[in-house]
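Visitor: 3D, please:
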Amino acid sequence: MKIDRLVSIIMILLDKQRIGAQELADKFEVSPRTIYRDIDAISMAGIPVRGTSGVGGGFEIMPEYKLDKKVFSTADLTALLMGLTSLSGMIRGEELIHALAKVQSFIPADKAKDIELKANQISIDISPWMGNIDIQPYLQIIKAALQENRLLSFTYIAHHGTKSQRTVEPYQLVLKSSHWYLQGYCHKRKDYRLFRLSRISGLQILEKTFTPREYQKPILNFAEKVETLQSRIKIRIHKSIIDRILDFCSYNDITPEDDEHYLVNFPFIENEYHYDILLSFGDKCECIEPLHIRAEMKRRIHNLASLYKN
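Guide: I've put the predicted structure just below:
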């Protein structure tokens with residue numbers, strides 16, 4: 001029997017409305033029998049819960065145990081619900097269900113519809129349309145390891161496809177630019193490392209625990225460094241891919257050339273990642289200048305074409 005679930009049920013029962021066993025069971029993803037046991041435990045703790053049967057029946061706490069909900073404004077409750085709902089969509093877990101239940105219990109009945117409407121005005125869903133199906137279960141494994149200070153073991157695929165077996169002390173889950181990362185102390189490298197979850201395979205939580213070190217937070221803001229490395233190149237694109245180009249630069253960087261094409265002042269760093277971006281645009285994109293990048297694109301396209309000669 002989870003203490004946090006009992007606390008969440010008490011918070012709900014402290015609200016004015018009566019609630020049925022099945023509704024509580026659905027909210028906490030347990031059976032109605034478990035809810036009845038929880039109610040018995042709450043009653044034994046001295047909180048007067050009464051139950052009524054029939055249509056509209058359910059559980060409620062005696063009026064003298066009601067709390068003043070005015071501690072939260074409508075804006076406060078809307079912001080809390082918005083954040084918790086978005087987070088629960090990314091990382092599932094009982095603690096988030098319970099936190100949502102507690103916040104919802106503070107919503108006055110006469111403001112419930114307005115708060116729900118405002119909370120739903122912004123929806124954050126970073127789950128990909130398609131992708132690595134291991135990410136969600138890996139998040140749950142890493143969460144458990146973080147809470148229990150247990151080591152993690154996995155195979156990691158680094159740059160250029162290099163594979164290595166790692167044992168890591170987990171310290172933080174990081175969501176950056178729609179990708180999940182694990183920040184931890186790597187026993188192989190004897191230092192802190194940031195591991196991208198999509199490049200992890202065979203993730204296992206070990207029985208062995210560790211004593212947390214003095215934690216070093218990862219450096220996640222590379223804006224200044226990127227700015228020093230980045231240059232601008234000129235590309236010509238077909239109008240059919242302008243929507244994709246806008247993922248990398250602003251509309252101010254785009255100038256019409258004719259009815260079908262645009263010239264783009266495109267941000268670029270001379271590395272594999274950015275060359276792959278240009279190649280991903282296919283025959284709808286041509287590098288105009290500088291000439292050495294145009295020549296490198298020609299070389300890469302020639303190598304790609306050679307794969308299909310036969």
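
Visitor: got the residue ranges for the strands in the stretch 101-250 of the chain?
Guide: With strands called from DSSP state E, counting those that start in this stretch, the stretch 101-250 of the chain shows them at 150-157, 163-176, 179-186, 191-196, 200-209, 231-238.

Visitor: Find the residue ranges of the stretch 51-200 of the chain scoring beneath the pLDDT cut-off.
Guide: 63-74, 76-110, 115, 118-132 (pLDDT under 70).

Visitor: quick one on the thing from earlier: of all the strands of the stretch 101-250 of the chain, which lies closest to residue 295?
Guide: strand 231-238 (12.5 Å; CB to CB). For glycine as for every other residue, the C-beta is placed from the backbone atoms N, C-alpha and C.

Visitor: Check the average confidence over the closest one, would you?
Guide: For strand 231-238, mean pLDDT is 95.

Visitor: Work out the sheet partners of it and label each with its direction, please.
Guide: The strands that strand 231-238 pairs with in its sheet are strand 261-268 (antiparallel), strand 285-289 (antiparallel) (by DSSP bridges).

Visitor: Number of residues surrounding residue 12?
Guide: 21 (other CB atoms under 10 Å).

Visitor: what's the answer for the one 10 residues further on, then?
Guide: The criterion is other CB under 10 Å. On that basis, residue 22 has 12 neighbouring residues.

Visitor: Please apply the same query to the one 5 residues further on.
Guide: When neighbours are defined as other CB under 10 Å, residue 27 has 19 of them.

Visitor: swap in the one 4 residues further on?
Guide: Other residues near residue 31 come to 12 when the count uses other CB under 10 Å.

Visitor: what's it in contact with, if anything?
Guide: By CB atoms under 8 Å, 6 or more residues apart in numbering, the contact list for residue 31 reads residue 25.

Visitor: Repeat that for the one 5 residues further on.
Guide: With contacts defined as CB under 8 Å, 6+ apart, the neighbours of residue 36 are residue 21.

Visitor: what's the distance between it and residue 301?
Guide: Residue 36 is 69 Å from residue 301, where distance means CB to CB, to the nearest Å.

Visitor: again with residue 209
Guide: Residue 209 is 53 Å from residue 301, where distance means CB to CB.

Visitor: Also residue 310?
Guide: Separation of residue 310 from residue 301 (CB to CB): 18 Å.

Visitor: Which residue of the two possesses the greater neighbour count?
Guide: The residue with more neighbours, out of residue 310 and residue 301, is residue 301; 14 against 4, by other CB under 10 Å.

Visitor: mind checking which helix or strand the closest residue to the more buried one other than its chain neighbours is in?
Guide: If you skip the residues right next to it in sequence, residue 301 has residue 279 as its closest partner in space, 7.5 Å away by CB to CB, 6 or more residues apart in numbering. Per DSSP states H and E: residue 279 is located in helix 272-280.

Visitor: buried sites along that helix?
Guide: In terms of neighbour count (16 or more other CB atoms under 10 Å), helix 272-280 has its buried residues at 274, 275, 277, 278.

Visitor: Looking at those, which is nearest residue 250?
Guide: Looking across the buried residues of helix 272-280 and measuring by CB to CB, the closest to residue 250 is residue 277, at 16.2 Å.
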